[in-house]
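Q: Got a predicted structure plus its sequence, pasted below:
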Amino acid sequence: MCGTKKDSVWVWKLAFLVDITKYMNDFNLKLQGKDVLICDVYTLVKAFRQKLILFKTQISKNCFIHFSTCDKYNKESKTQFPIDFAQKIISELKIQFKQRFSDLDVKSEEINIFQNPFSCDIEKLPPTLQMEMIDLKSNDALKIKHREETLIDFYKFLPDIQYTNLKKIAIEYISVFATTYLWEQTFSKMKYIKSKYRSAMTDKHLESILKIGTSNIQPQFDRILAENHQFQTSH
């Protein structure tokens, strides 16, 4: 039994909100991942925008293929799905996404250059990048490096002198904190390190421990040993 028509509409709305919230939570979790770059965030944003467009089209046709809760209730209810309510929610989400991620839209061309340097149209690039990009696209070894390595490792591999302007863009977007992951990780470690039993720890000592605990930098022991010819000073 579905109860009164009013009750059935309320259940429909609740089912739709449950389904759309699952997609929002999934989107939010992906944004909080480790080592997420700003270009990864923008990719997720663009993908979610496309999903909203698809949802709006399918909902208008009472198609619930991507809404499991609604699909289940659709088999039980004889009440019409509140299309206007669902489309209003989706339209509001589209507006919110446009407002909240407008900064990324403004920088979309530079983000694309940073993320996909080999797919850029040379003639549409700033003059300062054109010569560098021609050299880059002609280098098969760099194409393989870009395909097989992470973006950060790829840009580390690029020669500084030959790709000065491209590396400036890379440094800018790599240094942007795309998520709160690093901040949360650092704060958590700080609370663990600076306990009531280590309250006398100096700020410099704490900073050094936090750097070790939150970075992926591997100590270069061989290089350190090679630079030190004498390990013990004579008396």
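A: That came through, no problem. What you see is a predicted model, and the numbers here were worked out from it, not measured in a lab.
Q: contacting residues around F97?
A: By CB atoms under 8 Å, 6 or more residues apart in numbering, the residues touching F97 are 45, 48-49, 52. (Each C-beta comes from the backbone N, C-alpha and C, glycine too.)
Q: Of those, just the buried ones, PyMOL syntax please.
A: Selecting the buried subset of the contacts of F97 in PyMOL, with 16 or more other CB atoms under 10 Å as the burial test, is done by:
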select buried, resi 45+48+52
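Q: Could I get the contacts of F97 in TSV, plus columns for pLDDT?
A: Below are these laid out as TSV (pLDDT from 0 to 100):
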residue	pLDDT
V45	94
F48	96
R49	96
L52	96
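Q: quick one: which of the contacts of F97 sit in helices?
A: 45, 48-49, 52 (DSSP state H).
Q: how about the residues you listed, which pair is most distant?
A: Across the ones in helices among the contacts of F97, no pair lies farther apart than V45 and L52, at 10.8 Å, counting by CB to CB.
Q: sorry, back to before: and the ones in helices among the contacts of F97, which is closest to N165?
A: For these, the nearest to N165 is V45 (26.3 Å; CB to CB).
Q: ok, that closest one to I111 distance?
A: 11 Å (CB to CB, to the nearest Å).
Q: Common neighbours of the two, please.
A: With CB under 8 Å, 6+ apart, V45 and I111 have common neighbours L104.
Q: check which helix or strand covers the residue lying closest to F157 once chain neighbours are set aside.
A: Nearest non-adjacent residue to F157, counting by CB to CB, 6 or more residues apart in numbering: K145, 5.5 Å away. Counting by DSSP states H and E, the element that carries K145 is helix 140-148.
Q: where's I171, which helix or strand?
A: With DSSP H and E as criterion, I171 is part of helix 164-174.
Q: now swap in S8 and tell me
A: Going by DSSP H and E, S8 is in helix 5-31.
Q: Which secondary structure elements does that helix sit against?
A: For helix 5-31, the contact count by 3 or more CB pairs under 8 Å, 6 or more residues apart in numbering; DSSP states H and E identifies helix 38-60, helix 68-74, helix 83-100 as packing neighbours.
Q: And the spatially most central residue of the chain, how close does it get to L104?
A: Centroid check for the chain by CA atoms, centre = their mean gives V41 as the closest residue, at 2.8 Å. Taking CB to CB as the measure, V41 falls 7 Å from L104.
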